[in-house]
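Trainee: Sequence first, predicted coordinates after that:
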Amino acid sequence: MQFYHSREYLNQGDVVELTSDNSCNFLLTDDENFALYKEGEVFGYYGGHFSTFPARIKAPVAGEWNITIDSPDGKTDFTYSLRTIR
């Protein structure tokens, strides 16, 4: 599985915004659920599949969050940008 990943401290209510030229899965997970994601197990997340941009996910609580972007078709040559709105 190929994916793009970053880890960032977010305050409650911060918004992570994604712009992409390809539909993709845009996920916000804690460390435990990110480990399950990487293992291909069932995991909990905020976000989902997006084909319209910009896509936004609000942090439900303050803490370290994993921001993950992947393409359901395995495509990794798409362009994207992320920003955090505080």
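Mentor: Right, received. Where do you want to start? Bear in mind the structure is a predicted one, so any value in this text is a computation, not a measurement.

Trainee: Any idea how far apart the tips of stretch 77-86 sit?
Mentor: Stretch 77-86 stretches 29 Å from its first residue to its last (C-alpha to C-alpha, to the nearest Å).

Trainee: And it, what's buried?
Mentor: For stretch 77-86, burial by neighbour count (16 or more other C-beta atoms under 10 Å) applies to residue 82. Where you see a C-beta, it was placed from the backbone N, CA and C, and this is true even at glycine.

Trainee: repeat for stretch 5-22
Mentor: Neighbour counts over stretch 5-22 (16+ other C-beta under 10 Å) mark 10, 14, 16, 18, 20, 22 as buried.

Trainee: Report the rounded mean pLDDT for that stretch.
Mentor: In this model, stretch 5-22 has a mean pLDDT of 97.

Trainee: would you turn the buried residues of stretch 5-22 into a markdown table with distance to residue 68 and secondary structure?
Mentor: Listed next are the buried residues of stretch 5-22 as a markdown table, based on distance: C-beta to C-beta, whole Å; DSSP: H, G, I helix; E, B strand; the rest coil:
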| residue | distance to residue 68 | secondary structure |
| --- | --- | --- |
| 10 | 14 | strand |
| 14 | 16 | coil |
| 16 | 11 | strand |
| 18 | 11 | strand |
| 20 | 13 | strand |
| 22 | 15 | coil |
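
Trainee: Could I get those residues in CSV, plus columns for distance to residue 59?
Mentor: Converted to CSV, the buried residues of stretch 5-22 look like this (distance: C-beta to C-beta, whole Å):
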residue, distance to residue 59
10, 4
14, 5
16, 7
18, 14
20, 20
22, 24
